[in-house]
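Asker: Below: sequence and its predicted model.
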Amino acid sequence: MENKRFINVQDVVEEFGVSTSYAYKLIRELNAERAADGFVTIKGRVSRQYFDERIYGTTDKKEVV
């Protein structure tokens, strides 16, 4: 996946092999967390940095691989 600041549903589907509806659910949950912390969110997209922190526990995916 190319280096993007935000990822969308299709990126999540491709990275994890999940359904589109599950990818939307995951992004909604992550955006709700960000909104609760006072951040502005974009519907259908999530910050790549926050996504990596929540999914992998790090912003550097090389540590996980």
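Answerer: Thanks, I have it.
Asker: For the least confident helix or strand in the chain by mean pLDDT, buried residues please.
Answerer: Ranked by mean pLDDT, DSSP states H and E, the weakest helix or strand in the chain is helix 48-56, scoring a mean of 92. Neighbour counts over helix 48-56 (16 or more other Cβ atoms under 10 Å) mark 48, 50, 51, 52 as buried. Placement of C-beta: from N, CA and C, glycine included.
Asker: out of the residues you listed, who's nearest residue 34?
Answerer: Comparing the buried residues of helix 48-56 against residue 34 with Cβ to Cβ places residue 50 closest, at 6.3 Å.
Asker: List the contacts of the closest one.
Answerer: Counting by Cβ atoms under 8 Å, 6 or more residues apart in numbering, residue 50 touches 30, 34.
Asker: and if we set it to 10 Å?
Answerer: Neighbouring residues of residue 50 by Cβ atoms under 10 Å, 6 or more residues apart in numbering: 6, 7, 30, 31, 33, 34, 37, 39, 41, 59.
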